[in-house]
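Novice: Please find the sequence and the predicted model below.
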Amino acid sequence: MKICEPKSDDDFKKYYELRWKILREPWNQPRGSERDEMDDSAMHIMVCIGDEVVGVSRLHFNSDEEAQIRYMAVDERYRRKGIGTMMLEELERRALERGARYVVLNARENAVSFYKKNGYEVVERTYTLFDSINHFKMRKFLDE
């Protein structure tokens, strides 16, 4: 199991495929809905086992001090094996290296406990996606 960045067209195809499969397909969202305007300037990481992509996530900056993690997804067959924590730690390290003081994210309700275990605190309830998935803004200060 290793963390890497998607580089080739094939890497990005696998990366976005997992992002769509986990975060959009269950709610009948079209392909392309797993992408946004920040993808071109963001940092992307994925966890691979051999040639298979089993986890993906993205980091971008909202300001010099605030980094944001989005689109965290782990293949259902590989959950509870430390992949999510591995990606969080890597993205937090990269955010800190680039001067961020804290990281924010919008966690789905079923993932709030995972992020709390990794040092994040709930700031506020934010929005409901697809009329069914409650989200909570969470934050972690990197110097603590």
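Specialist: Okay, I see it. Computed from a predicted model, the values in this text were never measured in an experiment.

Novice: Any chance of the backbone angles for the nearest residue to residue 23 once chain neighbours are set aside?
Specialist: Closest residue in space to residue 23, ignoring its immediate chain neighbours: residue 73 at 5.3 Å, by C-beta to C-beta, 6 or more residues apart in numbering. C-betas here are computed from N, CA, C, even on glycine. Main-chain dihedrals, residue 73, degrees, to the nearest 10: phi -150, psi 140.

Novice: you'd agree residue 73 is up against residue 55?
Specialist: Yes: between residue 73 and residue 55 there is a contact under C-beta atoms under 8 Å: 6.9 Å.

Novice: List the residues that are in contact with both of those two.
Specialist: Here residue 73 and residue 55 share the contacting residues residue 18, scored by C-beta atoms under 8 Å, 6 or more residues apart in numbering.

Novice: can you pull out the strands in this structure?
Specialist: 2-4, 43-49, 52-61, 66-74, 102-108, 121-129, 133-141 (DSSP state E).

Novice: That'll do, ta.
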